[in-house]
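Chemist: Coordinates only, no sequence provided:
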């Protein structure tokens, strides 16, 4: 099955893992400690994120360190851009209307 960045962010646990990796690279055990689930369950989420291309895993000795691949997440930002522009336009219109009502 082809996985993409949108599959990666579809699950709250995976989103939390990604947020944790914005600070620094972390090993699988450190990530697993942050969740109320088994290490195996967290490992499955990590594997899923790797398959989606949003994290990479680097082995150092016996440890596996997860690194965020933020460039891949730019696909989400690109997809959201038309919506951001739409809402910015609507909020600007609302601001103009409110300014107009204040002056009346």
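Modeler: Happy to help now that I have it. It should be emphasised that the depicted structure is a prediction, and the values quoted were computed from it without experimental measurement.
Chemist: which phi and psi does residue 57 have?
Modeler: The phi and psi values for residue 57, taken as degrees, to the nearest 10, are phi -120, psi 130.
Chemist: That one pairs with what?
Modeler: Counting by DSSP bridges, residue 57 forms beta bridges with residue 66.
Chemist: helices and strands around the helix or strand harbouring residue 20, which ones?
Modeler: Remark: residue 20 resides in helix 12-21, with elements defined by DSSP states H and E. Here helix 12-21 touches helix 28-32, helix 39-52, strand 55-60, strand 63-68, going by 3 or more C-beta pairs under 8 Å, 6 or more residues apart in numbering; DSSP states H and E. C-beta: built from backbone N, CA, C; applies to glycine.
Chemist: Residue 50: neighbour count?
Modeler: Per other C-beta atoms under 10 Å, the neighbour tally for residue 50 reads 16.
Chemist: re earlier: could you pull out the buried residues of the helix holding residue 20?
Modeler: Buried residues in helix 12-21, defined by neighbour count with 16 or more other C-beta atoms under 10 Å: 13-14, 17-18, 20-21.
Chemist: May I see these organised as a markdown table, with pLDDT added?
Modeler: Output for these, formatted as a markdown table (pLDDT from 0 to 100):
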| residue | pLDDT |
| --- | --- |
| 13 | 97 |
| 14 | 97 |
| 17 | 97 |
| 18 | 97 |
| 20 | 96 |
| 21 | 97 |
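Chemist: Make a markdown table from these and add distance to residue 66 to it.
Modeler: Formatted as a markdown table, the buried residues of helix 12-21 follow (distance: C-beta to C-beta, whole Å):
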| residue | distance to residue 66 |
| --- | --- |
| 13 | 14 |
| 14 | 12 |
| 17 | 8 |
| 18 | 10 |
| 20 | 9 |
| 21 | 6 |
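Chemist: Kindly indicate which of these lies nearest residue 43.
Modeler: When the buried residues of helix 12-21 are ranked by distance to residue 43 (C-beta to C-beta), residue 17 comes first, at 10.8 Å.
Chemist: Low-confidence stretches in the protein?
Modeler: Residues of the chain meeting the criterion pLDDT under 70: 1.
Chemist: Assign residue 37 to helix, strand or coil.
Modeler: Three-state call for residue 37 (DSSP: H, G, I helix; E, B strand; the rest coil): coil.
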